[in-house]
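Colleague: Generate a structure from the sequence data that follows.
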Amino acid sequence: MWQILALGNLTPQSLYGPASQEYLKRIQRYRTCELIELKPSRGSSVNLALRQEAQRLLPYLRPAREIVVLDERGAMFTTLRLSQWLGERAELTFVLGSAWGLAPEVKALAQHQLALSTFTLPHELARVVLLEQLYRALSLQAGHPYHHA
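Modeller: Below you'll find the predicted structure:
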């Protein structure tokens, strides 16, 4: 089972909400994947906001799962390599930060840091990109053709 922890709520009316829900539905064809949306903080400072968000995230970060935080300084994979990498793992929790990123104590719990791009992406778009790449990786594992192969 995969778990995706995301700070922020994408409504069906938002630009990214329908795409997020569509890719999550597609992922479910191949494996159980739970999306948990947590409220981002609107603290008076970045440090306060990150601490508050960390307190919301920490109860979901179980030692029995491999934790993957999304971070612009993380490892970058091709789609094929991501598919192989995911195929070597079972229980994963992906953590997407808010517009402020993630607190150091959350990053410290992670076994892996993954970058989606060298570009700075809005956290809402990063969620869609992650979900699309997870879906694409699973479809490759299932033997569906890949247009770059």
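
Colleague: Contacts only, for the closest residue to residue 111 other than its chain neighbours.
Modeller: Leaving aside its sequence neighbours, residue 111 sits nearest to residue 66 (CB to CB, 6 or more residues apart in numbering; 5.0 Å). Every residue, glycine included, has its C-beta placed from N, CA and C. Residue 66 makes contact with 89, 91, 92, 93, 111, 112, according to CB atoms under 8 Å, 6 or more residues apart in numbering.

Colleague: Report the two of those separated the most.
Modeller: By the measure CB to CB, 91 and 112 form the most distant pair in the contacts of residue 66, at 12.7 Å.

Colleague: What count of nearby residues applies to residue 110?
Modeller: Counted with other CB atoms under 10 Å, residues neighbouring residue 110 total 20.

Colleague: My read is that it contacts residue 68, right?
Modeller: Yes - the pair residue 110 and residue 68 qualifies as a contact (CB atoms under 8 Å) at a distance of 6.4 Å.

Colleague: What is the helix or strand containing residue 137 packed up against?
Modeller: Element membership for residue 137 (DSSP states H and E) is helix 123-141. On a contact count with 3 or more CB pairs under 8 Å, 6 or more residues apart in numbering; DSSP states H and E, helix 123-141 meets strand 2-7, helix 17-28, helix 79-87, strand 92-96.

Colleague: got the angle for the longest strand seen in the chain vs helix 79-87?
Modeller: Counting by DSSP state E, the longest strand found in the chain is strand 66-75. With axes from the mean of the first three to the mean of the last three CA atoms, to 10 degrees applied, the angle from strand 66-75 to helix 79-87 works out at 150 degrees.

Colleague: Adjacent strands (with direction) for strand 66-75?
Modeller: Strand 66-75 sits in its sheet next to strand 92-96 (parallel), strand 112-114 (parallel), going by DSSP bridges.

Colleague: hey, C-alpha coordinates of it in PDB?
Modeller: C-alpha atoms of strand 66-75 as PDB (Å, rounded to 0.1, in the frame of the first residue of the first chain):
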ATOM      1  CA  GLU A  66       9.600   3.800   3.800                       C
ATOM      2  CA  ILE A  67       9.100   7.500   3.800                       C
ATOM      3  CA  VAL A  68       9.800   9.500   0.700                       C
ATOM      4  CA  VAL A  69       9.700  13.300   1.000                       C
ATOM      5  CA  LEU A  70       9.400  15.500  -2.100                       C
ATOM      6  CA  ASP A  71      12.200  17.900  -2.100                       C
ATOM      7  CA  GLU A  72      13.900  19.900  -4.900                       C
ATOM      8  CA  ARG A  73      17.300  18.600  -3.700                       C
ATOM      9  CA  GLY A  74      16.200  15.000  -3.900                       C
ATOM     10  CA  ALA A  75      17.100  12.200  -6.300                       C
END
